[in-house]
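Undergrad: My questions are about this predicted structure, shown below with the sequence.
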Amino acid sequence: MQPKSTTLKILDIVSVLLLAVSTYLALIYAPEEATMGQVQRVFYFHIATAWVGMLGFLAAAVAGIVYLRAQNPKWDIVEVAAVEISLVFFFITIVLGSIWARPVWNTWWTWDPRLTTAAITELIYIAYFMLREGIEDPDRRARFGAVYTLVGSLSVPITFFSIRLFRTIHPVVIGSADPSATGTFDMTGGMQVAFFFALFAFTVIFIDLFWNRIRMGNLAAKVEQLKLKVMH
Amino acid sequence: MIEVRKLIKRFGMKTVLRGVDFDVQPGEFVALLGPNGAGKTTFLRILASLSHPSLGEIRVAGYRLPNEAAAVRARLGVVSHLPLLYGDLTAEENLLFFGRMYGVTKLENRISEVLEMVGLSARRHDLVRTFSRGMQQRLAIGRAVLHDPDVILFDEPYTGLDQDASSMLDDVLKSVAAQGRTVVMTSHDLVRAEDLATRFDILSRGIIAASATRKELSKSNLLSFYKEALAG
Amino acid sequence: MVTKSARLSKSVTERSTSPNLFKATLAIAWKDLTAEYRSRELFSAMLVFSLLVILIFNFALELDIKTRQSVTSGVIWVTFAFAGTLGLNRSMAVEKDRGCLDGLLLAPVDRAAIYFGKVISNLAFMLIVEIVVLPVYSFLYSINLFNPGLLAVILLGSIGYIAVGTLLASMAVQTRTRDVLLPILLFPVAIPVLIAAVKASGGFLNGDEFSMILPWINLLIVYDIIFVAIAFMVFDYVVEE
């Protein structure tokens, strides 16, 4: 069993430090937002976790396509890793979003396109794991998983677009802000520092988790192999 | 007619076939014997182009698998222990459907011929759902020879048949083989196999453990040959 | 993506050498429709189920004249989606149960023929049920549903739903949990079709301006094209071993 590489160990430590600094910036360093107050601080991690969820979503789609092309089980491990990370981080995004929404919009849940799409993505990922659960043959499990990831990665953007056609009350923070949406705010310098640092920190955390999870998947595969060897 | 070199089949990390070498000359009737779980069905499914080999070279009727699967399929008939027939269609409609799938010419005549051969002319317009197990199995053979294949694969054709049905199936199998076709049949029923085959191959622990022609084997000791092969 | 398109163009040339893709597709559709015409198992199950769903909605939503106007498109699409799942599950289970899927795979035809054949028959089942349910609904609630625009939306929505449903049902029947799995797999990825179909149907029923409905129709068309294409490309991976 190969030990953890030094790079990965360093990355683990860096991730923890970045998380700590990012927490400090978000909760203490950044100035309080004028109309929403302290709850606005949730925003930094809300966006950062959503960003990680998106990264995982994209990574899963790519891994699924590569798996179907190459049929190499390694890509199945990558795909599962990406889906798991995306599942967890979108969940955190949704929870943080609800915490934000409660005081600002006076409701735990809004049918905002982004929030709803994240929730539907969660359902797709849960279905993904249920599908895998029901298949014994590892090759078929991997193939079906990749096909479903592909179908999901095509339908999610269309879902987003179609919900958006309804209407949106979600604040658009960067880019063209809709002035009528409640909850929009302008980022001051300190806020921007906290925001972009959070994005950076969570990108590193994503890479670290992804790497660790792939390593774990490879080790699990090895354990399976050794078990079979012992049985024979 | 069939050439298999160093065929390996893995399901995930489990190796089911570990280097099978297998040759069948035109007109031979090979009985592939072996205990449950030896990989007989897996092997036959690979020959039938239903399952991809992990490694190894396979030629059936002069075409390589899996690359030239379509050409192999056109020259191959398969009968499994499942009927592969539609219960809500009549015998004739089933053959009509499969005839179209194989692009059989002069289909009406061919269907009459085949129904005659398997002794089901009288039941031509009856729903397959109403057929006994034995009749379904005979119709399944009719389906398999409809496009006049060079090679026929039987996977445990006697499963679930009573004595009468089995002996009727014997006659049909013999007439199929008598038309100069190459036949491979898996079975765990030594008596039936002994009656029909011209060669006996024993598949055990993922390889062909022993092989003997009818001439090399006096009738009385197929059983001891089989036991020796499994023990060795 | 370069290698991907290279692979696709290769399989296209293989396909063109196989002369009977079209015939094989029709043969499969013919086989399903003949069997169904004889047993009417699917049709009766889907129809009775649809009527029951409408009945339940009647009491759950108290479909008085005002609510009717606003919820009709939602009610009919939920009904169609549920009935469609029932049909898809059954139609693929028939192939799996008696080894017939192997029978289809053994034939020297392109796997695309199997996909398109099943899509045609599944779509036919769904449309037939819809054709019966619509007048019944019109009769029960005296709402005129015979609107050419609405019928076009129903056709477009059903195509998208069946295109992705046939692919997913082919996977679901090959799993241990097949009976419960299909709706769980299908609904989250079919949400765009359902949203667009409900909105477009509602638009036609309310007599909205066509320019208001057009984006939804475009969305349906885009979804249909994307998912027919993708299902066609990946179907091999779902049925081959």
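TA: Everything's here; your move. Values in this document were obtained by computation on a predicted structure and should not be read as measured data.

Undergrad: okay, CA-based contacts and neighbour counts for the rest of this
TA: Will do.

Undergrad: and B:Ala210, backbone torsions?
TA: Here is the backbone geometry of B:Ala210 (degrees, to the nearest 10): phi -160, psi 160.

Undergrad: For the nearest residue to it once chain neighbours are set aside, list each beta-bridge partner.
TA: Distances taken as CA to CA, 6 or more residues apart in numbering or on different chains place B:Ile202 nearest to B:Ala210, at 5.3 Å, with adjacent residues excluded. Listed by DSSP bridges, the beta-bridge partners for B:Ile202 are B:Leu33, B:Ala210.

Undergrad: In this structure B:Ile202 contacts B:Tyr226, no?
TA: Yes: between B:Ile202 and B:Tyr226 there is a contact under CA atoms under 8 Å: 6.9 Å.

Undergrad: average model confidence for the helix or strand containing C:Leu105?
TA: Using DSSP states H and E, C:Leu105 sits in helix C:100-106. For helix C:100-106, mean pLDDT rounds to 92.

Undergrad: Then stretch C:149-160?
TA: 96.

Undergrad: How many residues are close by A:Lys229?
TA: Neighbour count of A:Lys229, defined by other CA atoms under 10 Å in any protein chain shown: 11.

Undergrad: dump the residue contacts of it.
TA: Applying CA atoms under 8 Å, 6 or more residues apart in numbering or on different chains to A:Lys229 gives no contacts.

Undergrad: A strand includes it, no?
TA: No: using DSSP: H, G, I helix; E, B strand; the rest coil, the secondary structure at A:Lys229 is helix, not a strand.

Undergrad: where's it relative to B:Glu93, distance?
TA: 50 Å (CA to CA, to the nearest Å).

Undergrad: Quick one: neighbours of the residue of chain B found nearest chain A, just the number.
TA: The nearest approach of chain B to chain A comes at B:Gly12, 5.0 Å away (CA to the nearest CA). Counted with other CA under 10 Å, residues neighbouring B:Gly12 total 17.

Undergrad: Tell me the predicted confidence for the residue lying closest to it once chain neighbours are set aside.
TA: Spatial nearest neighbour of B:Gly12, excluding adjacent residues (CA to CA, 6+ apart): A:Pro138 at 5.0 Å. The model reports A:Pro138 with a pLDDT of 90.

Undergrad: my guess is A:Pro138 contacts A:Glu224, does it?
TA: No: between A:Pro138 and A:Glu224 no contact is recorded; they are 11.4 Å apart, counting by CA under 8 Å.

Undergrad: more neighbours, those two?
TA: Neighbour comparison, A:Pro138 and A:Glu224: the larger count goes to A:Pro138, with 17 against 14 (by other CA under 10 Å).

Undergrad: And the strands in chain C?
TA: With strands called from DSSP state E, chain C shows none.

Undergrad: Residue numbers of it in contact with chain B?
TA: C:20, C:23-24, C:27-28, C:31, C:34-36, C:38-39, C:98-103, C:105-109, C:240-241 (CA under 8 Å from any CA of the partner chain).

Undergrad: Buried ones only from those, please, as a PyMOL command.
TA: The PyMOL selection below is limited to those of the residues of chain C next to chain B classed as buried (16 or more other CA atoms under 10 Å in any protein chain shown):
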select buried, chain C and resi 20+23+24+27+28+31+34+35+36+98+99+100+101+102+103+105+106+107+108+109+241
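
Undergrad: one step back: B:Ile202 and B:Tyr226: which is more packed in?
TA: Under the criterion of other CA under 10 Å, the comparison of B:Ile202 against B:Tyr226 puts B:Ile202 first, with 24 against 21.

Undergrad: give me the low-pLDDT residue ranges for chain B?
TA: B:219-220 (pLDDT under 70).

Undergrad: ok, now chain C?
TA: C:1-19.

Undergrad: Could you give me the buried positions within the lengthiest helix in it?
TA: Across chain C, the longest stretch assigned as helix under DSSP state H is helix C:65-97. Of the residues in helix C:65-97, C:68, C:72-96 count as buried by neighbour count, 16+ other CA under 10 Å.

Undergrad: Now do whichever helix or strand B:Leu96 is part of: distance to the chain's middle.
TA: Using DSSP H and E, B:Leu96 sits within helix B:91-101. With CA atoms, centre = their mean, to the nearest Å as the basis, helix B:91-101 stands 20 Å off its chain's centre.

Undergrad: do the same with stretch C:36-46
TA: 16 Å.

Undergrad: For the residue minimising distance to the centre of chain A, which non-adjacent residue is spatially closest?
TA: Nearest residue to the geometric centre of chain A (CA atoms, centre = their mean): A:Gly53, 1.5 Å. Excluding its sequence neighbours, the residue lying closest to A:Gly53 (CA to CA, 6+ apart) is A:Ser86, at 4.1 Å.

Undergrad: would that neighbour count as being in a helix?
TA: Yes: A:Ser86 sits within a helix when classified using three-state DSSP.

Undergrad: list the contacts for it?
TA: So A:Ser86 contacts A:52-57 (CA under 8 Å, 6+ apart).

Undergrad: I figured B:Leu139 hits B:Ala91, correct?
TA: Yes: assessed by CA under 8 Å, B:Leu139 is found in contact with B:Ala91 at 7.3 Å.

Undergrad: So what does A:Val66 look like in phi/psi?
TA: phi -60, psi -40.

Undergrad: Neighbours of C:Leu26, how many?
TA: Neighbourhood size, C:Leu26 [other CA under 10 Å]: 21.

Undergrad: If you could redo that for C:Gly203, that was the one I meant.
TA: There are 21 residues near C:Gly203, going by other CA under 10 Å.

Undergrad: Excluding chain neighbours, what is closest to it?
TA: Spatial nearest neighbour of C:Gly203, excluding adjacent residues (CA to CA, 6+ apart): C:Ile213 at 6.0 Å.

Undergrad: and that neighbour, how far is that from chain B?
TA: 43 Å (CA to the nearest CA, to the nearest Å).

Undergrad: can you check C:Val234 too?
TA: From C:Val234 to chain B the distance is 17 Å (CA to the nearest CA).

Undergrad: for the closest residue to that residue other than its chain neighbours, what are its contacts?
TA: With sequence-adjacent residues excluded and distances taken as CA to CA, 6+ apart, C:Val234 is closest to A:Val147, at 6.8 Å. Taking CA under 8 Å, 6+ apart, we find A:Val147 in contact with A:64, A:68, C:234, C:237-238.

Undergrad: Over to A:Thr110?
TA: Here A:Thr110 is in contact with A:101, A:116 (criterion: CA under 8 Å, 6+ apart).

Undergrad: Kindly confirm my reading that it is in a helix.
TA: No: counting by three-state DSSP, one finds A:Thr110 to be coil, located in no helix.

Undergrad: Give me the phi and psi angles of it.
TA: Dihedral angles (degrees, to the nearest 10) for A:Thr110: phi -120, psi 150.

Undergrad: Tell me how far stretch B:179-191 lies from the chain's centre.
TA: The answer for stretch B:179-191 is 7 Å, by CA atoms, centre = their mean.

Undergrad: Name the residues of it that come out as buried.
TA: B:181-188.

Undergrad: what does chain C have sitting close to chain A?
TA: Within reach of chain A by CA under 8 Å from any CA, chain C has these residues: C:4, C:168, C:171-172, C:174-177, C:181, C:184-185, C:188-192, C:195-196, C:219, C:223, C:227, C:230, C:234, C:237-238, C:241.
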